[in-house]
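Novice: I'd like to go over a predicted model; first the sequence, then the structure.
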Amino acid sequence: MRSKSTRKIEIQENKKMTNQKPPEIWRSTINKETIKKFWETFNFEKMIDGQAPKPIREFLDGEIKFITKHIKFNSSVLEIGCGFGRLLETLSKKSNKLVGIDFSKRMIGLAKQNLADVQNVSVHLMEADELTFEDESFDYVVCLNATLGSMINIELDVLKEMKRVCKKGGEIIIIVFSENAKNAQIENYKRIGLTDIKDDGKAVHTAEGHYIRRFTKKEVGSLFNEANLKCEIIKGCSINYIAYATKNP
Ligand SMILES: C[S@@+](CC[C@H](N)C(=O)[O-])C[C@H]1O[C@@H](n2cnc3c(N)ncnc32)[C@H](O)[C@@H]1O
């Protein structure tokens, strides 16, 4: 039988264990290539279908409404990580030049199919941190659906590229998962069968190579500051932040 003092030590040790954050070792195995592989192979359409948890649906529907309402008529828009063209299709009635880029061949293939009948749209296979557009090409440069959160180690490079290709007086808009998104993310990933879901308190990773981090309001603000952009940050729904900044004329 254990003595009282031994039990006390054990309880203290257990407390320490549960207070410890899970190790972040898994982060060192994630990079742009592992993430690209995920987006090349995974059926993303499933992740955002009608069965997604309520907060995720509110996030997805709300961000499209926000951007559609926010941008001015007949402006040019570049979407970073356009996926299969969910936003571009919706914006086609409002904007006169729509461009999407994505580093996944699968996504670009689907976007081309989905947008085949839309006149003012083009999509390109391109890396978000190495855009091939001229400086000051677009009125709006947007990145939604928590996509920036999958851009491990290149978040600031991407934001700087978004700023470079944005016209003076134009706007940069980014929509990310907030610190409140964890439960909805995990529920959604379980629902679609992603496996070995790990969360270190900041980001989720799965065996299939999916990686998405969450941001606090302060972290989003700091990122924009580092890119020399003064942004407004609002809550679009219970699990996101919408940050937008005008590029100085
Ligand atoms: C969460 S999905 C969002 C798709 C679309 N914006 C939407 O809301 O439906 C993220 C997309 O960003 C793309 N992506 C992720 N990292 C990228 C990078 N570094 N360069 C270009 N595209 C990237 C992925 O291939 C994927 O299609």
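Specialist: Noted; the coordinates are in hand.
Novice: close to the ligand: what parts of the chain are there?
Specialist: Contact residues (Cβ under 6 Å from any ligand atom) of the chain with the ligand: 32, 35, 39, 44, 81-83, 86-87, 102-104, 107, 127-128, 144-145, 147, 150-151. From N, CA and C alone the C-beta is placed, and that goes for glycine too.
Novice: nearest residue to residue 122 other than its sequence neighbours?
Specialist: Excluding its sequence neighbours, the residue lying closest to residue 122 (Cβ to Cβ, 6 or more residues apart in numbering) is residue 99, at 5.5 Å.
Novice: quick check, the one you found in a helix?
Specialist: No: Residue 99 is assigned strand when assessed by DSSP: H, G, I helix; E, B strand; the rest coil, not a helix.
Novice: among the residues of the chain next to the ligand, which are in strands?
Specialist: Using DSSP state E, the subset of the residues of the chain next to the ligand located in strands is residue 102.
Novice: are any of the residues of the chain next to the ligand buried, and if so which?
Specialist: Buried members of those, scored by 16 or more other Cβ atoms under 10 Å, are 32, 35, 39, 44, 81-83, 86-87, 102-104, 107, 127-128, 144-145, 147, 150-151.
Novice: name the residues of whatever helix or strand residue 169 lives in that are buried.
Specialist: Taking DSSP states H and E as the definition, residue 169 sits inside strand 166-177. Using 16+ other Cβ under 10 Å as the test for burial, strand 166-177 gives 166, 167, 170, 171, 172, 173, 174, 175, 176, 177.
Novice: need the max-distance pair from those.
Specialist: Largest separation among the buried residues of strand 166-177 by Cβ to Cβ: 167 and 177, giving 28.2 Å.
Novice: circling back: can you tell me the strand partners of the strand holding residue 169 and which way each runs?
Specialist: Strand 166-177 sits in its sheet next to strand 138-143 (parallel), strand 240-246 (antiparallel), going by DSSP bridges.
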